[in-house]
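1. pasting a predicted model and its sequence here:
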Amino acid sequence: MKAFSAIVRRELIATFSSPLAYIVMAAFLLLQGALFALIVGYLSQPGQSSMSILQAFFGGTIFFWFFLVVAPLITMRLVAEERRSGTIEVLLTSPVTEAQVIVGKFVAVFIFYLALWAPTLVYVLIVKSQAAIDWGAVASSYLGVALFGALFVSLGLFASTLTRNQVIAAVISFTGLILLFGLPLTRGLLTSSSGFGAIIDHADLWQHMADYAKGIVDTRYVVYELSLTGLFLFLSTKSLELSKWR
Amino acid sequence: MIEVENLTKIYVDTPVVDGLSFFVPEGQILGFLGPNGAGKTTAMRMITAFLPPTTGRIVVAGVDLDADSVGLRRNIGYMPENVPLYPELRVEEYLRFRADVEGVTRLDLPSRLEYVVERCMLSDVRRQVIGTLSKGYRQRVGLASALIHKPPVLILDEPTVGLDPNQIIKVRELITELGKDHTVVLSTHILPEVEQVCDRVFIIDQGRIVADGTPDALRTRLIGNPVVRVEIRGAGDDGPELFGRLPGVVAVERRSGGVFFVEHATESDPREAIFNLAVDHGWVLLGLTPEQATLEDVFVRLTTADDVESFTASTAQEA
């Protein structure tokens, strides 16, 4: 446990001593702020009240672009850099397991991810000062943000175990994320009655997030996100073990 | 302390480490000596449980690699080649990190930190960021972090590479010191290093141990009898013959003018007799020095022998 928390702590120090962390944070807040301002402006016009601000903010297309760019950026370093610099050799000859290393890194990057989102809670307060707010929907929206984050950083972490080059890791996780998001687009190619269609409907992340933003927490969605996260963590651990053989 | 049996690593079809078997008793400082690419690093990586061996058995301080890989790693302090460190951490942060990962208890941590900082002379740079340290300090941070959990076995891959001569001397002294409390395995391709530091040397070439012994024994066995260099003014043509008659002398060779190389049996020392001989004949003795044959010769002979053979074989074929 001490080894595990040491890994988490070291990873956080590494994250926050790199300028990348601050650039990502600044860009993230700038874009989120701009999006929020646009949505508030749009919804303030007369006759546009059919949609809640949460639905517009979290359910919209632009929202997903944050993940596509942010997740590869904050995860690409995790294992690739240790493999490039050779520190992985020190880490893996210490009495820790590969699973401890992977989960430690995951927890650290997930904390950073949540820290990226934390300032957006201010927007909630801004809205609250002007209008009524459905706190249940706020909670479920942020639950969705957390679940999606866990899934996407675990995918990025897996990509980072595959190479010693951070850019390659980022490209792999970017591609993986696009495939995951793009899945529902193939729906139109399939006949509606086929079994694949049902699977794709179930895996439609856009639908998941739209529901979270409405205040609906469907346990099937939660299970989907959590099990994919678990899968990618498992694959990362196996990949790290296999990296010894390469 | 370390038992290795028939350790082999095969990459595709090429054996990098080829049937290594040896035993290292407690407290020994063992040197792996060999040219680049001889398999030293690969062997060390297998002993430290970083690389899985193709075949073979490894036991360190009673723990078998196959039975308990994590337990085996607990017994080893390892410093890889080029000393990889996290550049963004401060020295003390890094040592604390390594202590936590290696399982040092909270109770022991302060005393262990003090001990390694003092031992590796790091007190000046405790608060410094590792990325800003000189190579010599980085090396010492690497050593300190390998020591932090009081491992019975230390494995150091090329511990003095890239250091300046003063730093090399300091690191060698430190390793000699550490040899009193730890069993040490180090690798190097610098010959004086093993002569100064090690109790025992393996010369490794193409993944095999081609020689095993103390530096002295290796030198004597492989280079032959010791030689004394004698420089004399006034010796006539009968000089070689007169030297040859002295007890223990095996052969005499006359170089330019008054310089003689007197080869003698290992157990005898003819220097006193040579001095008396010079006095009796009225020669002026200008120099009388035992020739230090170096391991360099052994090394070159052992690690190029195969090449010479295959070279002659291939030229013979062409002819």
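-> That came through fine. Everything numeric here is computed off the predicted structure, so don't read it as measured data.
2. list the contacts of stretch B:247-254.
-> By Cβ atoms under 8 Å, 6 or more residues apart in numbering or on different chains, the list of residues contacting stretch B:247-254 from outside reads B:225, B:239-240, B:243-244, B:260-265, B:267-270, B:273. All C-beta spots, glycine's among them, are computed from the backbone N, C-alpha and C.
3. in PDB, could you pull the C-alpha coordinates for that stretch?
-> Extracted in PDB, the C-alpha atoms of stretch B:247-254 (Å, rounded to 0.1, in the frame of the first residue of the first chain):
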ATOM      1  CA  PRO B 247      68.000 -19.100  -7.900                       C
ATOM      2  CA  GLY B 248      64.400 -19.100  -9.100                       C
ATOM      3  CA  VAL B 249      65.200 -17.300 -12.400                       C
ATOM      4  CA  VAL B 250      63.500 -19.000 -15.300                       C
ATOM      5  CA  ALA B 251      64.500 -16.800 -18.300                       C
ATOM      6  CA  VAL B 252      66.400 -13.600 -19.000                       C
ATOM      7  CA  GLU B 253      65.900 -11.300 -21.900                       C
ATOM      8  CA  ARG B 254      68.200  -8.400 -22.800                       C
END
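4. quick one, grab the pLDDT at the residue nearest to residue A:9 when sequence neighbours are not counted.
-> Nearest in space to residue A:9, with sequence neighbours left out and distances taken as Cβ to Cβ, 6 or more residues apart in numbering or on different chains, is residue B:97 at 7.4 Å. With respect to pLDDT, residue B:97 has a value of 95.
5. next one: residue B:307
-> Here, the pLDDT recorded for residue B:307 equals 46.
6. now do the one 3 residues further on
-> The per-residue pLDDT reported for residue B:310 equals 39.
7. contacts only, for the residue in the stretch 101-250 of chain B that chain A sits nearest to.
-> Each residue of the stretch 101-250 of chain B has a distance to chain A, by Cβ to the nearest Cβ, and the smallest belongs to residue B:101, at 4.6 Å. Residue B:101 is in contact with A:3, A:6-7, A:91, A:94-96, counting by Cβ under 8 Å, 6+ apart.
8. quick one: it and residue A:101, what's the gap?
-> According to Cβ to Cβ, to the nearest Å, residue B:101 stands 10 Å off from residue A:101.
9. name the residues contacting each of these two.
-> Between them, residue B:101 and residue A:101 have A:7, A:91 as joint contacts when contacts are counted by Cβ under 8 Å, 6+ apart.
10. still on that earlier bit, wait, a helix at the residue nearest to residue A:9?
-> Yes - using DSSP: H, G, I helix; E, B strand; the rest coil, the secondary structure at residue B:97 is a helix.
11. check contacts around residue B:160.
-> B:139, B:167-168, B:171-172, B:188, B:190, B:193.
12. coming back round to it: ok, the residue nearest to residue A:9 touching residue B:88?
-> No - under the contact definition of Cβ atoms under 8 Å, residue B:97 does not touch residue B:88, with a separation of 11.4 Å.
13. more crowded one of these two?
-> Summary of the neighbour comparison: residue B:97 and residue B:88, criterion other Cβ atoms under 10 Å in any protein chain shown, with residue B:97 having more neighbours (22 against 17).
14. name all residues that make contact with that one.
-> Contact criterion Cβ under 8 Å, 6+ apart gives A:6, A:9-10, B:86, B:89 as the residues in contact with residue B:97.
15. centroid-nearest residue for chain A?
-> In chain A, the C-alpha nearest the mean C-alpha coordinate belongs to residue A:149, at 2.3 Å (Cα atoms, centre = their mean).
16. off-centre distance for the host helix or strand of that residue?
-> In the assignment (DSSP states H and E), residue A:149 maps to helix A:135-161. Distance, stretch centre to chain centre, for helix A:135-161: 4 Å (Cα atoms, centre = their mean, to the nearest Å).
17. okay, buried residues for that helix please.
-> Neighbour-count burial for helix A:135-161, counted by 16 or more other Cβ atoms under 10 Å in any protein chain shown, picks out A:137-138, A:140-142, A:144-161.
18. C-terminal to it, what's the next element?
-> Heading towards the C-terminus - elements assigned by DSSP H and E - helix A:135-161 is followed by helix A:166-182.
19. show me which residues of chain A sit near chain B.
-> Residues of chain A lying close to chain B by Cβ under 8 Å from any Cβ of the partner chain are A:2-3, A:5-7, A:9-10, A:13-14, A:17-18, A:85-87, A:89-97, A:244-245.
20. buried ones only from these, please, as a ChimeraX command.
-> Here the buried members of those are turned into a ChimeraX selection, burial being counted by 16+ other Cβ under 10 Å:
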select /A:3,6,7,9,10,13,14,85,86,87,89,90,91,92,93,94,95,96,97
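21. show me where chain A has helices.
-> A:2-16, A:19-44, A:53-59, A:61-75, A:80-85, A:87-92, A:98-117, A:121-130, A:135-161, A:166-182, A:195-202, A:205-214, A:219-243 (DSSP state H).
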